[in-house]
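Q: need coordinates for the following:
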Amino acid sequence: MQTQTPRQIRISWPAGHLTATLDDTPTAQALSKALPLSSTARTWGEEVYFDTGVSVSRETDAQQVVEPGTVAFWTDGDALALPYGPTPISRGWGSPQTEFGGECRLASPCNILGRLDSDPRLLATVRDGDPIRVELVDA
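A: Predicted structure coming up:
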């Protein structure tokens, strides 16, 4: 079986963009087939998420607590979830004791697609309601 070259995507919004490298998972493959896509950004604490129009099942290794910069797929909302810090349900939400003030806790377990290639804190420039676009980066 041939190994896939890592897939890279670009996520763009009015104030900036980031690239991410996706793992070879069923959800990443389904998302890649739907690209390019445009959506409307939503924010929830220090997480950006948006509808993709892609519907997949939750994978067996889905996770709810992830590292900042994880590219996750929220199956309950058919949405890409991009956490860069704590959300309102994180333990330690608003606590100054840790570097990020708490963990990245997603709304429910999400399929893990990959990681952002640079500083996830750039997502702090995304505003609720911003247009957002996701496209494959040409190899």
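Q: who are the contact partners of the most centrally placed residue in the chain?
A: Centroid check for the chain by Cα atoms, centre = their mean gives residue 82 as the closest residue, at 2.8 Å. For residue 82, the contacting residues are 11, 47-49, 70-72, 116, 120, 123, by Cβ atoms under 8 Å, 6 or more residues apart in numbering. Glycine gets a C-beta too; all of them are placed from N, C-alpha and C.
Q: what comes up buried for whichever strand or helix holds residue 115?
A: Element membership of residue 115 [criterion: DSSP states H and E] is strand 104-116. For strand 104-116, a neighbour-count test (16 or more other Cβ atoms under 10 Å) marks 104-107, 109-116 as buried.
Q: cool, and stretch 59-67?
A: Going by neighbour count (16+ other Cβ under 10 Å), the buried part of stretch 59-67 is 59, 62, 66.
Q: I would like the residues contacting it, please.
A: For stretch 59-67, contacts defined as Cβ under 8 Å, 6+ apart pick out 25-27, 72, 75, 83, 103-106, 108-112, 115.
Q: which two of those have the greatest separation?
A: Of all pairs drawn from the contacts of stretch 59-67, the one with the longest distance (Cβ to Cβ) is 26 and 103, at 26.4 Å.
Q: mind checking which of those two has more residues around it?
A: Taking other Cβ atoms under 10 Å, residue 26 and residue 103 do not tie; residue 103 has more neighbours (20 against 11).
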